[in-house]
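**Q** From the sequence below, what's the structure:
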Amino acid sequence: TRRRAMDADAALAALGELEKEGLLEVCGEVMKATGAAPFAAALAGERRREQGRRGRRQRREKKKPFDMSRWASRDVALWVSYEGERYSGLAEQRDGGGVETVEKVLFEALLKCCLIVSRESCRYSRCGRTDRGVSAQGQVVGLRLRSSLRRDDELAVDGLAPRLDHPGDEIKPGVRELSYCELLNRVLPRDVRAIAWRSVAPEFSARFSAGARTYRYFFDPTAYDLEAMRDAARRLEGEHDFRNLCKMDVAHVKNYRRVVYSARLAPASDRAHFFEITGQAFLWHMVRCCVAVLFLVGRHLERPDVVDALLDVEAVPARPHYVPAPETPLVLHECAFDTLQPAPTPDTLAKLTHHLERDLDEALVLAARRRNALEHLKTLSVRRADLQAHLKRSLDVPPLLPWADALVHLRAALRDKLGAAHRPLLERRAGMTYDERVDALGPRKREKLEANEQKRRDSAEIDQAFHTEKRRFG
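**A** Now for the predicted structure:
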């Protein structure tokens, strides 16, 4: 008995060292010996399939890495859209740290498609840097991507494929460029899409070649005086110092003057409007701060001329305390260039249209469910005594009244409460002025500030020529 136990232990140890394919073979032999031939045949089939899977794995492991050096490159401007709710902004974090950003997923897709070797080598530039939660419909990035043209082709000069007037044109007879948008959209998340691309000069910079950026902020206009908001918005147009309408970053920014080409309100749908602002460049949180002030004007808590006061930094040298508008309704709508326009293909647009229509259908169904829930609440009634206790005032209403009627009294009371609690912006405690913020900088940030100022002084003339030159390629 003891010998049989030892043999069994040895057999189990031997079986434990076998891989799946070996175990299947042993089981098949046992079944044949015990007369279970049908089961043995099934195991033999599974063994053959396992051999096939192992062979495919070994071939993949032996497969040579993609040789990018055999292919020419191309400088492109790529138009990208994304929903920003689940991302910590556009820019990839330096240390990564598991933070999900739009650039992180974009570069993962570029590497997976073998369109770049690395971020450092692809001459990357971006037009607008959006913050956490902010979306984009017309973001533009500059990249050097792999071409379908061989590097040793006579048309490739210094490893670069010739420029194309349109993405659909042939590089040479029978050879077209890679469908960059199609390739990327197959591997990008559903909330990030490549829309179009254009061939550009090597000197192109998505940031410095752009002529203007347009943002749109969407909101429900029900509770706002739109004419008062339009009056306030028009006062933003022109060149002003926007230090009271942004979040100051004195270590990196000294000049807070910006030019706003246009600022307007327009309907987006039956139940939504948007505030649209266009300028060459924007400061940190500038659009959200402008919207926050416009909302105060729209609720008659501030007069439209409060914008003039905030833009007068001599009279108001420090920003009063107020909270910027939420980030989720903000969209980078368009990045405009003097001569460069997106050139999408019908195939890409058809897929994007289907994608957005499906998302819109889901959103409309969700909105209908929410509206149904609100309408159902209106069918309920509340007691006058309970409503009076909630509002802490007596009301001349029936003993039992519909919730829709009670809601009118509740909203009126809320408006009165907000109006009574509101303190005018110009009477609020202000933050630090620019000079006070500079004085409060720590040693490392002060050193960085001084280095940046010295760099600006040394390169003032060069910078002007640089910006003028870059604009030519957009």
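
**Q** With adjacent residues omitted, what lies nearest to the residue nearest the centre of the chain?
**A** Nearest to the geometric centre of the chain sits Gly84, at 3.8 Å (Cα atoms, centre = their mean). Spatial nearest neighbour of Gly84, chain neighbours left out: Ser135 (4.2 Å); criterion: Cβ to Cβ, 6 or more residues apart in numbering. To be clear about C-beta, it is placed using only N, CA and C from the backbone, and glycine gets the same treatment.

**Q** Just grab the bridge partners of the one you found for me.
**A** Val331 (DSSP bridges).

**Q** Isn't it up against Arg86?
**A** No: counting by Cβ atoms under 8 Å, Ser135 stays clear of Arg86, with 10.7 Å between them.

**Q** Of those two, give the one with the bigger neighbour count.
**A** Ser135 (23 against 12; other Cβ atoms under 10 Å).

**Q** Next one: that one relative to His376, how far apart?
**A** Using Cβ to Cβ, to the nearest Å, we find Ser135 at a distance of 32 Å from His376.

**Q** same check, this time on Glu182
**A** 45 Å.

**Q** who touches the residue nearest to Gly84 in this structure?
**A** For Ser135, the contacting residues are Ser81, Tyr82, Glu83, Gly84, Glu85, Thr328, Leu330, Val331, Leu332, by Cβ atoms under 8 Å, 6 or more residues apart in numbering.

**Q** please redo it, this time with the cut-off set to 7 Å
**A** Applying Cβ atoms under 7 Å, 6 or more residues apart in numbering to Ser135 gives the contacts Tyr82, Glu83, Gly84, Val331.

**Q** Same question for Val99.
**A** Contacts of Val99 (Cβ under 7 Å, 6+ apart): Ser88, Gln93.

**Q** Mind pulling up the pLDDT for it?
**A** For Val99, the pLDDT comes out at 88.

**Q** Repeat that for the one 4 residues further on.
**A** Turning to Glu103, the model gives it a pLDDT of 95.

**Q** now Leu15
**A** Leu15 is assigned 55 on the pLDDT scale.

**Q** sorry, back to before: who's more crowded, Glu182 and His376?
**A** A side-by-side neighbour count of Glu182 and His376, using other Cβ under 10 Å, places Glu182 first with 14 against 10.

**Q** Could I get the contacting residues of the closest residue to the more buried one other than its chain neighbours?
**A** The shortest distance from Glu182 to any non-neighbouring residue, by Cβ to Cβ, 6+ apart, is to Thr348 (6.4 Å). Listed by Cβ under 7 Å, 6+ apart, the contact set of Thr348 reads Cys181, Glu182, Ala196.

**Q** With Lys448 instead?
**A** Contacts of Lys448 by Cβ under 7 Å, 6+ apart are Ala251.

**Q** Could you rerun that using 10 Å?
**A** Ala251, His252, Leu441, Gly442 (Cβ atoms under 10 Å, 6 or more residues apart in numbering).

**Q** Among the residues you listed, name the buried ones.
**A** Ala251 (16 or more other Cβ atoms under 10 Å).

**Q** Can you list which of the contacts of Lys448 are found in strands?
**A** Using DSSP state E, no member of the contacts of Lys448 sits in strands.

**Q** Which of the contacts of Lys448 lies at the shortest distance from Leu356?
**A** His252 (36.3 Å; Cβ to Cβ).

**Q** Who's the closest spatial neighbour of the closest one, skipping the chain neighbours?
**A** His252 sits nearest to Asn452 (Cβ to Cβ, 6+ apart), 6.4 Å away.

**Q** Pretty sure the one you found sits against Val438.
**A** No: between Asn452 and Val438 there is no contact under Cβ atoms under 10 Å: 11.8 Å.

**Q** Quick check: neighbours shared by the two?
**A** Ala251, Lys254.

**Q** Could you dump the contacts of Lys448 into a markdown table with distance to Tyr215 and pLDDT added?
**A** As requested, the contacts of Lys448 are exported to a markdown table (distance: Cβ to Cβ, whole Å; pLDDT from 0 to 100):
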| residue | distance to Tyr215 | pLDDT |
| --- | --- | --- |
| Ala251 | 24 | 84 |
| His252 | 21 | 84 |
| Leu441 | 29 | 84 |
| Gly442 | 32 | 86 |
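
**Q** so which two of the contacts of Lys448 are the farthest from each other?
**A** For those, the farthest-apart pair by Cβ to Cβ is His252 and Gly442; their separation is 14.5 Å.

**Q** And the helices in the stretch 101-250 of the chain?
**A** Applying DSSP state H, counting those that start in this stretch to the stretch 101-250 of the chain gives helices spanning 102-112, 180-187, 226-234.

**Q** So which elements touch the shortest one?
**A** Right, the one you point to is helix 180-187. On a contact count with 3 or more Cβ pairs under 10 Å, 6 or more residues apart in numbering; DSSP states H and E, helix 180-187 meets strand 71-82, helix 102-112, strand 135-150, strand 192-199, helix 346-378.

**Q** again, only using 6 Å
**A** helix 102-112, strand 192-199 (3 or more Cβ pairs under 6 Å, 6 or more residues apart in numbering; DSSP states H and E).

**Q** which one of those has the most crowded surroundings?
**A** Among the helices and strands packed on helix 180-187, strand 192-199 has the highest mean neighbour count (mean count of other Cβ atoms under 10 Å), at a mean of 22.

**Q** Paired strands for that strand, with orientation please.
**A** Here, using DSSP bridges, strand 192-199 pairs with strand 71-82 (antiparallel).

**Q** tilt between the partner strand and strand 135-150?
**A** 170 degrees (axes from the mean of the first three to the mean of the last three Cα atoms, to 10 degrees).
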